[in-house]
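1. Structure here, sequence nowhere to be found:
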């Protein structure tokens, strides 16, 4: 019997639409330390990307219009993303600073929270919101 998902692929992986796949790759590498796991190109145009973090597939994305999609980023749609991503990191303050340097917008500065995490929020280049956390 064939497994219902490929080996090493989580049961749930966010698939984002981005404006510029190469810019998104550069941002996720610089801000979060993600690494490219797979990158599919068509005539030199990036059409699909898979990025991992601590050896786990964390996010997939494609640029607006890829594969005939009519999806847009929150920023292109002039909307606030209705979801956010909660990413545990080794050092919230360092990752928060790297994200801002890479072009992210600060939504909340790093602070210790009552639920036991050090926590900050940023908005990435395409308008997606990321919570950065480290359990104290």
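-> Yes, it's here. All of these numbers come straight from a predicted model, not from anything done at the bench. Numbers count the residues shown, from 1 in each chain.
2. Go through this protein and flag its longest helix.
-> helix 21-32 (DSSP state H).
3. If you count neighbours, what's buried in it?
-> Neighbour-count burial for helix 21-32, counted by 16 or more other Cβ atoms under 10 Å, picks out 21, 23, 24, 25, 27, 28, 31, 32. Just so you know, the C-beta spots here come from the backbone N, C-alpha and C atoms, and that holds for glycine as well.
4. which residues touch residue 50?
-> Residues near residue 50 by Cβ atoms under 8 Å, 6 or more residues apart in numbering: 36, 37, 38, 39, 57, 59, 60.
5. just the angle between the helix or strand that contains it and helix 21-32, please?
-> For residue 50, the element it lies in under DSSP states H and E is strand 45-53. Counting by axes from the mean of the first three to the mean of the last three Cα atoms, to 10 degrees, strand 45-53 lies at 20 degrees to helix 21-32.
6. Sheet partners, orientation included, of strand 45-53?
-> strand 35-42 (antiparallel), strand 56-63 (antiparallel) (DSSP bridges).
7. Report the buried residues of that strand.
-> 46, 48, 49, 50, 51, 53.
8. what does stretch 69-83 give?
-> Buried-residue list, stretch 69-83, by 16+ other Cβ under 10 Å: 72, 73, 74, 75, 81.
9. What about those, which are in helices?
-> Per DSSP H, the buried residues of stretch 69-83 map to helices at 74, 75.
10. now, which of the buried residues of stretch 69-83 sits nearest residue 11?
-> Of all the buried residues of stretch 69-83, residue 81 has the smallest distance to residue 11: 22.3 Å, by Cβ to Cβ.
11. Need the phi and psi values for the closest one.
-> Backbone dihedrals for residue 81, given as degrees, to the nearest 10, come out at phi -60, psi 130.
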